[in-house]
Each structure stands twice: as C-alpha cells, then as structure tokens.
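A.B. asks: sequence first, predicted coordinates after that:
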Amino acid sequence: MMFGAFLAGPQPASGQAAASPWAFPLMMVAIFAIFYFLMIAPQRKKQKKHQQEVASLTSGRQIITIGGIVGTIVGFKKDDRLGDLIELRVGSGTTISILRSAVGRIVDTEKPEIK
C-alpha cells in the first residue's frame, strides 16, 4: 500500500489545486522557443550570410582572417588534403595561403581610393 502511495506522488493539501502534468513540459518548450528565436535563429542567419559572402570572393578584395591578418586576395587554389585555399598578399611581395574557412571578415573596398 505504501508503494502505491509513493508512485502517486505527493497529494495536494486540502483546498489547493493539483498542478497540471503538462506544466513542466510546456514550460521547457516555451524556454526552448525563446532561446531559438532570440539566439539560434539570428546566429544561423548571420552564419549563412557570411558563408555566401566567402563563397563569392574575388581577387582584389581585402579580407581579415580569423587570426587578424589583413591582406588582399590574389588568387585561389584547390588542395587535395586541405581543400579550398586563398592566396593572400599581406605585404609587398609576400603572399600566404589560408583556408577559405579562415576568412573572418570582408573589408569593403567600394570606397574611392585616395591618390
């Protein structure tokens, strides 16, 4: 008899309403929905936009890598082991190869150059 009472859970005191068995699951769904719409969805949108910009890079664009290196794209290569590489001019006569996934930010080069 005691085991059956244990499985039933605590009984509400007289005069109190019993809690709904759906209250906790609904609260968890509501919290997940809030996190999704306030944090996950905007981050996915931003990541998708960045991936599209990186996929459409062309020579002559200036970028900043995730490591903080600033340079101008001079070409593209495909490596069997590493994947897509970008040839980056970082100084006069100095070029390095970086992974396409290492592009952190694309600098707007649409500003007119000062001569």
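C.D. replies: Arrived safely. A quick note: this is a predicted structure, and the numbers were derived from the prediction, not measured.

A.B. asks: give me the domain ranges for the protein.
C.D. replies: 21-56, 57-107 (automatic domain parsing).

A.B. asks: which of the residues in the first one are buried?
C.D. replies: Neighbour counts using 16 or more other C-beta atoms under 10 Å place Val54 of domain 21-56 among the buried residues. Where C-beta positions appear, they are placed from N, C-alpha and C, glycine not excepted.

A.B. asks: circling back: just send the domains of the chain back as JSON lines, with mean pLDDT too.
C.D. replies: Compiled in JSON lines, the domains of the chain are given as follows (pLDDT from 0 to 100):
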{"stretch": "domain 21-56", "mean pLDDT": "92"}
{"stretch": "domain 57-107", "mean pLDDT": "92"}
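
A.B. asks: any chance you could map the strands in this protein?
C.D. replies: For the chain, applying DSSP state E gives strands covering 62-65, 70-79, 83-91, 94-99, 103-107.
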